[in-house]
Structure formats: C-alpha cells, structure tokens
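Engineer: sharing a sequence plus its predicted fold:
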Amino acid sequence: MSGNTIYSAKILDEKRPICAASGLITRRDEHGCIEILLGKRTKSTSRWWAPPGGKIDWLEDPVDALKRELKEEINLDVHSVDLVHVGSDIAGTDRHYLSVFYLVSHYSGQIENLEPEKHESWDFFPVDNLPDPCFPLLEDLALNPSFLDALEDLGSSICS
C-alpha cells in the first residue's frame, strides 16, 4: 500500500466505534454542592439525560469538536478544558461509542437550547443524584475518582 493511503471505516468496510466528545459543565448550588448541566435528548431510543457534546468529525481534534458542539447546542464559547475520562459504551452488536469527557473549566455565553429538535431542555443536577434515565457512561463517570478529584479541586463539594 502506498504511504498516502487513507484508512477509514468506510474504506476498510469495517465497523468502528463512533467517537464523541462531551463537555462537563458544573456549578455550585446554594449549599456549595456540585451540579452538572444535562440535556434531555429527544431522538435517542432511551431519551436519556446527557451532557452537551457530539460526534468527532473525521480529522477533527476532540477539543475542537467539543467547542463546536457546545456552540451549536447551547451557545457557549469554550476557553479551557481538562480531560477527565474516556469511556466505552457498547450496546449489543449495533452500537459502540467511545466518549471523551472534558471538564469545561472556563467558558463564556449564556446557556440556550439552540437545538430543540434534539433536546427538550437543559438543566443542572446534583452529581450525586443524576436524573433517570441518564447516559450510562455519565453514571460511571460520577463514581470515577479522577473526575471527583477534579471537581473537588474546583473548591466545590459532593453533597449527599
């Protein structure tokens, strides 16, 4: 094969995971407890609550994908992120997502639902009391020590 051969799932005709980037936007409630922004999906089979984000395009950097998705979905300009988790969500033989989660530490803009056909609403929920149904990888992430440490570094506390 030549040195400039492009390898992609379409050319190789193989199934590959869909890669996605998700932004974890947090705030403190009136008691100093951490809440996370989630959107209620309208099109997914389970209509679960999930953080903003989406698929990473071919040759797109994951952070650039995250910035694009957050601007498209909720009108936020992302300035600074920290990688906190990479997870794999496999459902049977038909769906495999590889999700890259970033803690969005600095952003500007007001949260708006710019894609009402994809999201019923956006709201903040306590990290230790996520809504049901919730994106499965987010439930795993809420128990991940590196994510919880990153949140604690923000000076917030996980409340029960």
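Structural biologist: Thanks, I have it. Numbers count the residues shown, from 1 in each chain.

Engineer: so which residue is dead centre in this protein?
Structural biologist: residue 22 (2.0 Å; Cα atoms, centre = their mean).

Engineer: doesn't residue 101 make contact with that residue?
Structural biologist: Yes: contact between residue 22 and residue 101 holds when scored by Cβ atoms under 8 Å: they sit 5.0 Å apart. Glycine gets a C-beta too; all of them are placed from N, C-alpha and C.

Engineer: between the two, what contacts are shared?
Structural biologist: The contact sets of residue 22 and residue 101 overlap at residue 51 (Cβ atoms under 8 Å, 6 or more residues apart in numbering).

Engineer: residue 140: which element?
Structural biologist: Here residue 140 sits within helix 136-141, counting by DSSP states H and E.

Engineer: in that helix, what's buried?
Structural biologist: Of the residues in helix 136-141, 136, 137, 138, 141 count as buried by neighbour count, 16 or more other Cβ atoms under 10 Å.

Engineer: list just the nearest of these to residue 70.
Structural biologist: residue 138 (16.0 Å; Cβ to Cβ).

Engineer: pretty sure residue 73 sits against residue 50.
Structural biologist: No: using Cβ under 8 Å, residue 73 makes no contact with residue 50, being 10.6 Å away.

Engineer: now do the shared contacts for the two.
Structural biologist: With Cβ under 8 Å, 6+ apart as the test, residue 73 and residue 50 both reach residue 39.

Engineer: ok so, going back, make sure the residue nearest to the centre of the chain is indeed in a helix.
Structural biologist: No: membership of residue 22 in a helix is not supported by DSSP: H, G, I helix; E, B strand; the rest coil, which gives strand.

Engineer: and the gap between the residue nearest to residue 114 when sequence neighbours are not counted and residue 122?
Structural biologist: Nearest non-adjacent residue to residue 114, counting by Cβ to Cβ, 6 or more residues apart in numbering: residue 75, 5.5 Å away. Applying Cβ to Cβ, to the nearest Å, the value for residue 75 to residue 122 is 11 Å.
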